[in-house]
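J.: What shape does this take:
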Amino acid sequence: MNAAVVKKTQETLGKVIKKPVLTEKLLNRPPFRFLRDIFVEEASQSQNLPGQWDLIGDFRFSLQDKDAKMAFLQKAIDVVMLVSGEPLAVKPVRVVCGHEPERTNELLQALAKCCLAKLSSDEAVRRVVSGEKTELKTKASTSRSQDKENREGREANLDKEANLPEKPLKKVPPEELSKTTKSVPAPAEAAEVQMSLTVREYSEQDINGGEQHGALVKKILDTKKDYETSSSSKLKQSIESEVALKKEQDTAKRETERVCSSIQTMCRSTQFLAKNLDYVQENIDAMQAELIFWCQESKKYMQACEEEERTTEKALEPRHTELLDLEQQIVDMWSKIRTSRANILRNEEKREKLLRGISFHHGA
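T.: Coordinates of the predicted model:
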């Protein structure tokens, strides 16, 4: 992909839209979603192509629908061609497959040119929506017509050279003519009709004696030989490219099969894990519900316990008062007991003193 093409697209289309961002990676191989976003963004922001809304219609189709994507691109290409007046060689099939990025960039550049030039698209949209075919030829058909004109020009030059007065040539017998004609190597398939007609046209005039050819016939044979050489080289290159493409396809196929096998193995391995995860989710839900239930039960019984404690405290309050009174009475009784004991001890001492005094008097 030529970097100059990408830069030109960024410079031109970047003046029209700001998103999606026109990065080199996307422009080197524009995906369909990227192109659709560009057309939708241009149609929603630009006032130069308001009719494109009729063209786009319901652009929210599935990106897996290949027919819808191709129809969308074909309409967009037709409108841009009609508005710009320039032929475009881009093909929707190739764009959807991710090929021909340069031609896709040419389409985006043409779109930007129409927007910057403020060209009206109403008539073009009307023609495309009505199903009218575009009359512009693509660049590919133009190049083919130019090749045809060049080929006709070369044949006309050969006719002029044949009509020029040269040395009179001897007329050869038909046997030698056929022998000489048979000695000419078979040309490539693409140039068989043209070269055979040219040889038959000039064979009787330019072949001298069946052994030496005229200058014109030699020129024709040299041209045919060069054409055969180029055709064979192109065929060889084509075969080599096909072989390389076949190898790439085989490699891609093997890689795809390997990836598919790995994915299948992974799916088989993760199947039981997925079931366990489902069960874990169910168990977690059940445990969470049970936890909530028991939390509520605990709260309820805590409240009941607190209520019972308050009731019990209220019921035991008189008993606490009685207990305090009894304890005070016990203290008082112990105090009286101690006082009584002290009195008893004092009385005992007095009694002992009296008894000793009496005994002392009787003894005297």
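
J.: Could you list the buried residues of the host helix or strand of residue 108?
T.: Using DSSP states H and E, the element containing residue 108 is helix 101-116. Across helix 101-116, burial judged by 16 or more other Cβ atoms under 10 Å covers 101, 103-115. All C-beta atoms are positioned from the backbone trio N, CA, C, and that covers glycine.

J.: so where's the stretch 51-200 of the chain uncertain?
T.: 51-63, 133-200 (pLDDT under 70).

J.: export the helix holding residue 108 as CSV, just CAs?
T.: The C-alpha trace of helix 101-116 is given here as CSV (Å, rounded to 0.1, in the frame of the first residue of the first chain):
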residue,chain,number,x,y,z
PRO,A,101,-7.1,-0.8,-0.3
GLU,A,102,-5.8,1.7,-2.9
ARG,A,103,-9.1,1.7,-4.8
THR,A,104,-11.0,2.0,-1.6
ASN,A,105,-8.9,5.0,-0.7
GLU,A,106,-9.7,6.5,-4.1
LEU,A,107,-13.4,6.1,-3.2
LEU,A,108,-12.9,8.0,0.0
GLN,A,109,-10.9,10.7,-1.8
ALA,A,110,-13.7,11.1,-4.3
LEU,A,111,-16.2,11.4,-1.4
ALA,A,112,-14.1,14.1,0.2
LYS,A,113,-13.7,15.9,-3.1
CYS,A,114,-17.5,16.0,-3.5
CYS,A,115,-18.0,17.3,0.1
LEU,A,116,-15.3,20.0,-0.2
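
J.: So what touches it?
T.: For helix 101-116, contacts defined as Cβ atoms under 8 Å, 6 or more residues apart in numbering pick out 1-2, 5-6, 8-9, 12-13, 15-16, 27-30, 35, 38-39, 42, 46, 48-49, 76-77, 80-81, 83-84, 86, 88-91, 94-95, 121.

J.: pLDDT averaged over stretch 339-358, what's the number?
T.: Average pLDDT, stretch 339-358: 91.

J.: Buried residues of that stretch, list them for me.
T.: Counting neighbours, the buried set in stretch 339-358 is empty (16+ other Cβ under 10 Å).

J.: ditto for stretch 4-12
T.: So for stretch 4-12, counting by 16+ other Cβ under 10 Å, buried means 5-6, 8-10, 12.
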